[in-house]
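Participant: Make a model of this:
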Amino acid sequence: TLSVNMNVVKYPSHVHCLKDVLGIIDYNASSFDPHNTNSATFGNSSYVAQRHRTETIKAAITDAISKKSFEIHYQPIFDVSKQVYSSCEALCRLYTPSMGYIPPDEFIHLAEQSGEIGMLGEIVVEQVCSFIQRFHPEQYGVNKFHINLSPAQCDDISIVSRFLNIIDSFNVPHSMINFEITETVAAKKFTSLNRIMD
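Facilitator: Numbers count the residues shown, from 1 in each chain. Below you'll find the model as predicted:
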């Protein structure tokens, strides 16, 4: 079965140069649905803007990984029964001077696509462990840190040893780190998850 995806671009109303045209084609090709046969996509300035935003965020992710400059924001969790803050969730944030804070669902998704999510995850674990080592939050009753784990990371069984090595290098008790698999995990990931949990 032959599938045809036609890109219709109006010049100069929507694009101004060959680079914009090629950008629209690349962007449409990356999001092409093979089940939607013989479709026509009308490229316009919004496609060019989205393409530019995507490439800018990809570059920001790579730069943040190389510099380990992701920010970790800690959201406290209140224990009603004990009336104390007993744990917190570590939230990864990406900030750039030109774009401000980039939504997590946007940069996490792109990191998964590029295969950089593994390195990003290690940086998060490292920063959380460094925080625990420096400030000893357990003395204030905070004895557990929740870290989100992307389903894409569950495909790599070596994640277990890598995370344990990081945690142990900071002499952080294993009981203080709790990994949470995001609810988007699909059934096909269960086999990988079972191996990791074991």
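Participant: contacts, neighbours, all on C-alpha from now
Facilitator: Fine.
Participant: all helices for the protein, in order.
Facilitator: 18-30, 45-67, 104-114, 117-135, 159-169, 190-197 (DSSP state H).
Participant: Deepest in the core, which of those is it.
Facilitator: helix 117-135 (a mean of 18; mean count of other CA atoms under 10 Å).
Participant: still on that earlier bit, quick one: closest of the helices of the chain to Val8.
Facilitator: helix 18-30 (9.5 Å; CA to CA).
Participant: what's the least confident stretch among the helices of the chain?
Facilitator: Least confident of the helices of the chain, judged by mean pLDDT, is helix 190-197 with a mean of 55.
Participant: Of the helices of the chain, which is nearest Tyr85?
Facilitator: helix 117-135 (15.3 Å).
Participant: Would you mind pulling the contact partners of the closest one?
Facilitator: 65, 68, 70, 72, 90, 92, 108, 111, 145, 147, 149-150, 152-153, 159, 162-163, 166-167, 170-172 (CA atoms under 8 Å, 6 or more residues apart in numbering).
Participant: That one vs helix 159-169, what angle?
Facilitator: Using axes from the mean of the first three to the mean of the last three CA atoms, to 10 degrees, one finds that helix 117-135 and helix 159-169 are set 20 degrees apart in direction.
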